[in-house]
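Asker: Sequence and computational prediction follow.
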Amino acid sequence: MIFATKSSIQKALIDMPETGMGYQFIEAQLGSNLSTERLIIYNSELIIQFDGFFNENRQKVILSGYDKTLKLSREVEMRMIKPLPASLLHKDQSDKLSPSSLKGRHTGNPAIINPITNANGIESFVRLSAFEDDKRIDFLNRKLKKGSYTTTETDYKSCKVHNDDPVDRYALPNNDNVKWAFYITPTTSDRLQRGVVQPAFEKIGGGIEAFFKNGTSDGTFIRKTAY
Amino acid sequence: MTKKVRLPDVICKKLLLTPESGMGYHNVKITLKNGKKLSNRIVVNSEYLILNTEENYTTKDFKTIEF
């Protein structure tokens, strides 16, 4: 299940350390239950029960969008809040992701709920596509259009080095082969959110994703190569 | 090969102005001209709706899109 935290609880959560960037792994009594449950809290405000439906519920957040999910989620009381060690979380997750973790995949939050940062002007990003005329590339102004995703060049190289399946790594809905790689080097004025691709479309995910809400500056699309 | 159909230009233009749900795709709800609604569907490259194997829609069947 997915819930929202009450504002009275949010302050207590904010005062507690994060388990990872943007999330907390805790144990607490939820609602009127006397037994404790393991929970993942995003941004001190969205609660997902860490049970057998966790990945499914996390996917729902991705598909519906964080803000919309939060708005629609019922507020619930939490008591007896206790942070849990990250090692416990990693063990549980690695049980689900172990075959892929051997291929340099990652676990963590999706880009969309992570902080916005500026590009450093040097790092390159790669957009993978089955389409040579990818509609999110502005070929005229040589830039990435608003609201578009890429991965990092580093993760793209990791995918290639490990001979990994990009469709599964980036949880792409289209089972057609990835054929093209579009290289983007954003300027220092370009802003992005980084995260990890979440499981979706019966794919595991675990690749790095970068979301450019405002796209990138003119001239930042560097080249197109075959995958 | 994934079965898909190209959406009308007016819908493609709207997709291009809407943030993606993930690299190369949007999660959408589409309304057909006959009134039928297709929920939780995927559009790739801001232009192609992925179809189920039994579906045989054509470009002219689609009316509006929501996100």
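Answerer: Nice, I can see it.

Asker: Run a quick neighbour tally on the closest residue to chain B within chain A.
Answerer: Chain A approaches chain B most closely through residue A:147 (2.9 Å), counting by C-beta to the nearest C-beta. C-beta: built from backbone N, CA, C; applies to glycine. Residues within reach of residue A:147, counting by other C-beta atoms under 10 Å in any protein chain shown, total 18.

Asker: Could you list the low-confidence segments of chain A?
Answerer: Scanning chain A with the threshold set as pLDDT under 70 gives A:20-22, A:89-102.

Asker: Spell out which residues make up each domain of it.
Answerer: The record's domain split for chain A, according to automatic domain parsing, is A:2-88, A:94-226.

Asker: Out of these, indicate the one that is most buried.
Answerer: Per residue and on average, the most neighbours among those fall to domain A:94-226, with a mean of 19 (mean count of other C-beta atoms under 10 Å in any protein chain shown).

Asker: Just the pLDDT for the residue nearest to residue B:43 when sequence neighbours are not counted.
Answerer: Excluding the flanking residues, the one nearest residue B:43 by C-beta to C-beta, 6 or more residues apart in numbering or on different chains is residue B:26, at 4.7 Å. pLDDT recorded at residue B:26 is 95.

Asker: and the next element down the chain from the helix or strand hosting residue B:26?
Answerer: Taking DSSP states H and E as the criterion, residue B:26 maps to strand B:25-32. Next helix or strand after strand B:25-32 toward the C-terminus (DSSP H and E): strand B:37-44.

Asker: who does the following helix or strand past that following strand touch, helix- and strand-wise?
Answerer: With elements assigned by DSSP H and E, the helix or strand that comes after strand B:37-44 is strand B:48-50. In this structure, strand B:48-50 packs against strand B:4-6, strand B:37-44, with contacts taken as 3 or more C-beta pairs under 8 Å, 6 or more residues apart in numbering or on different chains; DSSP states H and E.

Asker: now for those, which one comes closest to residue A:195?
Answerer: The closest of the helices and strands packed on strand B:48-50 to residue A:195 is strand B:37-44. By C-beta to C-beta, the value is 19.9 Å.

Asker: what's the model's confidence in the closest one, averaged?
Answerer: For strand B:37-44, mean pLDDT is 93.

Asker: what's next to that strand, contact-wise?
Answerer: Applying C-beta atoms under 8 Å, 6 or more residues apart in numbering or on different chains, the set of residues contacting strand B:37-44 from outside is A:63, A:130-131, A:173-174, A:201, B:2, B:4, B:7, B:15, B:24-32, B:49-50, B:65.

Asker: for it, the distance to its chain's centre please.
Answerer: Remark: strand B:37-44 is offset 6 Å from the chain centroid, using C-alpha atoms, centre = their mean, to the nearest Å.

Asker: Name every strand pairing with that strand and say which way it goes.
Answerer: In the sheet, strand B:37-44 lines up against strand B:25-32 (antiparallel), strand B:48-50 (antiparallel) (DSSP bridges).

Asker: Can you point out the buried residues in the longest one?
Answerer: Residues of strand B:25-32 classed as buried under the neighbour-count rule (16 or more other C-beta atoms under 10 Å in any protein chain shown) are B:25-28, B:30.

Asker: Out of those residues, the closest to residue A:7 would be?
Answerer: Closest to residue A:7 out of those is residue B:27 (29.6 Å), distances taken as C-beta to C-beta.

Asker: any idea how far residue B:22 is from residue A:10?
Answerer: Separation of residue B:22 from residue A:10 (C-beta to C-beta, to the nearest Å): 29 Å.

Asker: same thing with residue A:58?
Answerer: 20 Å.

Asker: quick one: what helix or strand has the residue sitting furthest away from the middle of chain A in it?
Answerer: Farthest-out residue of chain A from its mean C-alpha position, per C-alpha atoms, centre = their mean: residue A:34, at 32.4 Å. Assigned by DSSP H and E, residue A:34 belongs to neither a helix nor a strand.

Asker: Is the closest residue to residue A:163 other than its chain neighbours in a helix, a strand, or coil?
Answerer: Leaving aside its sequence neighbours, residue A:163 sits nearest to residue A:103 (C-beta to C-beta, 6+ apart; 7.9 Å). Look at residue A:103: counting by DSSP: H, G, I helix; E, B strand; the rest coil, its state is coil.

Asker: contacting residues around residue A:103?
Answerer: Residues near residue A:103 by C-beta under 8 Å, 6+ apart: A:158-159, A:162-164, A:169.

Asker: Can you redo those as CSV, where the extra columns are secondary structure?
Answerer: As requested, those are exported to CSV (three-state DSSP):
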residue, secondary structure
A:158, helix
A:159, helix
A:162, coil
A:163, coil
A:164, coil
A:169, helix
